[in-house]
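Peer 1: sequence and predicted structure, then a few things I'm wondering about:
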Amino acid sequence: MPKRNFARSFVRQFSIAIAALLAIQTIATADPAYAADPVERSHIRTWLSGESGPLVVLIPGMSTPAEVWRETVEAMEPDHRLLVVEVRGFNGERNTANEQAGVIDGIIDDLASDLDARHLTADAMVGHSFGGALALKFALTHPDQAKQLMVIDALPFLGLEFGPEATIESVTPRAERIRTTMAAQADAMRAAGKTGVKSAPANGMSIDPANATRITNWSMRSEPLATAQAVYELLTTDLREQIAEIKIPVTVLYAAGEDAEKAAQKFTASYAPLANARIVPVENSAHFIMLDRPDVFRAELMSLLPKPE
């Protein structure tokens, strides 16, 4: 069983990038995630794959590009439509709207506009980590545009990782320090991101060294100012009470880790206000469940969708 330390999972990704400054190796630049031209908006870009079947919206986590969903798209594209979201800046792009306040609301508004423009409603909206928080808020603000949610290893208030009594008020100073630190390290992090690392050990993100390396390099390439603002807004967003208003079904996958009982208590308590939530532990996985356990992830997702005609 892999060691499970969910605490600071989101925040740790920027720490990985800073630490990687000490272990830089040259690597090849990754290919673009998808061949089709994306639709670009102020805060996001999206790709639509597949010609027919249920529509799945895929939202990546903190500092993670659309590339994270490549295997999912390849597996499901023959009989599903997949709308892949990328947060601008998380692929290294600079000077985007996500370097300013309003990242979370901007992403949600852009995604709603994108679905409207395409005349689409999501049969399922899937969000990992930061993307899970975005999916929860999307369901609150645009309840008619998604039929159900899948949240992957995300809590409705990340601040609880600093202690069970955490509040927005108590977490805000820490969030501000994180944002300030990342801004101060931005030039060094960008330089490291241009080369990346050749290998990385398991780091709480994945139990597989190859995937841990991919994740580390994604984090290093993400624009630090965009990540800093997104981390700040995530840490200072508390949806615990609001999620009671979500009416559509919600499935929550979480990495059970070494202390499965503690993880179960944390997720069960955090989602207690959401009466229609189904909480599913996933063993032998770290934070990126869709990479560590694609079998479980896809089986759970497929069980939520109508059968393609």
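Peer 2: Right, received. Where do you want to start? Since this is a predicted model, take the numbers as computed values, not measurements. Numbering: from 1, shown residues only.
Peer 1: could the C-alpha coordinates of the one helix or strand Lys266 maps to be exported in PDB?
Peer 2: Taking DSSP states H and E as the criterion, Lys266 maps to helix 260-270. Written as PDB, here are the backbone C-alpha positions of helix 260-270 (Å, rounded to 0.1, in the frame of the first residue of the first chain):
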ATOM      1  CA  ALA A 260      -7.500   4.100   4.900                       C
ATOM      2  CA  GLU A 261      -9.700   4.700   7.900                       C
ATOM      3  CA  LYS A 262      -8.400   8.300   8.400                       C
ATOM      4  CA  ALA A 263      -8.900   9.000   4.700                       C
ATOM      5  CA  ALA A 264     -12.400   7.600   4.800                       C
ATOM      6  CA  GLN A 265     -13.300   9.700   7.800                       C
ATOM      7  CA  LYS A 266     -11.900  12.900   6.100                       C
ATOM      8  CA  PHE A 267     -13.800  12.400   2.900                       C
ATOM      9  CA  THR A 268     -17.000  11.200   4.400                       C
ATOM     10  CA  ALA A 269     -17.100  14.100   6.800                       C
ATOM     11  CA  SER A 270     -16.200  16.700   4.100                       C
END
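Peer 1: tell me where the stretch 201-309 of the chain has helices.
Peer 2: With DSSP state H, counting those that start in this stretch as the criterion, the stretch 201-309 of the chain has helices at 209-221, 224-235, 260-270, 289-292, 294-304.
Peer 1: now do the contacts for the closest residue in space to Met290 that isn't next to it in sequence.
Peer 2: Of all residues beyond its chain neighbours, the one nearest Met290 is Phe297 (4.4 Å), with distances taken as CB to CB, 6 or more residues apart in numbering. For the C-beta atoms, the positions are set from N, CA and C on the backbone; glycine is no exception. With contacts defined as CB atoms under 8 Å, 6 or more residues apart in numbering, Phe297 is in contact with 72, 152, 253, 282, 289-290.
Peer 1: most widely separated two among the residues you listed?
Peer 2: Of all pairs drawn from those, the widest gap by CB to CB lies between Thr72 and Val282 and measures 15.3 Å.
Peer 1: mind putting the helices of the stretch 201-309 of the chain into CSV with distance to Lys198 and mean pLDDT?
Peer 2: Shown next, in CSV, are the helices of the stretch 201-309 of the chain (distance: least, CB to CB, whole Å; pLDDT from 0 to 100):
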stretch, distance to Lys198, mean pLDDT
helix 209-221, 7, 96
helix 224-235, 21, 98
helix 260-270, 32, 95
helix 289-292, 19, 98
helix 294-304, 24, 98
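Peer 1: how about those helices, which one is nearest Pro249?
Peer 2: Between the helices of the stretch 201-309 of the chain, helix 294-304 lies closest to Pro249; by CB to CB that is 7.5 Å.
Peer 1: surely Leu83 forms part of a strand?
Peer 2: Yes - if the criterion is DSSP: H, G, I helix; E, B strand; the rest coil, then Leu83 is within a strand.
Peer 1: quick check: bridge partners of the residue nearest to it when sequence neighbours are not counted?
Peer 2: The shortest distance from Leu83 to any non-neighbouring residue, by CB to CB, 6+ apart, is to Val57 (4.7 Å). Beta bridges link Val57 to Leu83, Met125, judged by DSSP bridges.
Peer 1: how near is Val57 to Leu253?
Peer 2: Val57 sits 16 Å away from Leu253, taking CB to CB, to the nearest Å as the criterion.
Peer 1: same thing with Asp208?
Peer 2: Distance from Asp208 to Leu253, by CB to CB: 17 Å.
Peer 1: who has more neighbours, those two?
Peer 2: Leu253 (26 against 17; other CB atoms under 10 Å).
Peer 1: what's near enough to touch that one?
Peer 2: With contacts defined as CB under 8 Å, 6+ apart, Leu253 is in contact with 150-153, 280, 282, 289, 296-297, 300.
Peer 1: farthest pair in the residues you listed?
Peer 2: Pairwise distances across these peak at 14.5 Å for Val151 and Val296 (criterion: CB to CB).
Peer 1: more neighbours: these two, which one.
Peer 2: Set Val151 next to Val296 and count neighbours by other CB under 10 Å: Val151 wins out with 31 against 18.
Peer 1: what about that one, which SS state?
Peer 2: Criterion first, three-state DSSP; result for Val151: strand.
Peer 1: what ranges in this structure fall below the confidence cut-off?
Peer 2: By pLDDT under 70, the weakly predicted segments of the chain are 1-35, 309.
Peer 1: how about the strands in it?
Peer 2: Listed from the start of the chain, the chain has strands (DSSP state E) covering 39-40, 44-49, 55-59, 81-87, 124-128, 149-152, 250-255, 277-282.
Peer 1: and these: which comes nearest Met189?
Peer 2: Using CB to CB as the criterion, the shortest distance between Met189 and the strands of the chain is 16.8 Å, found for strand 81-87.
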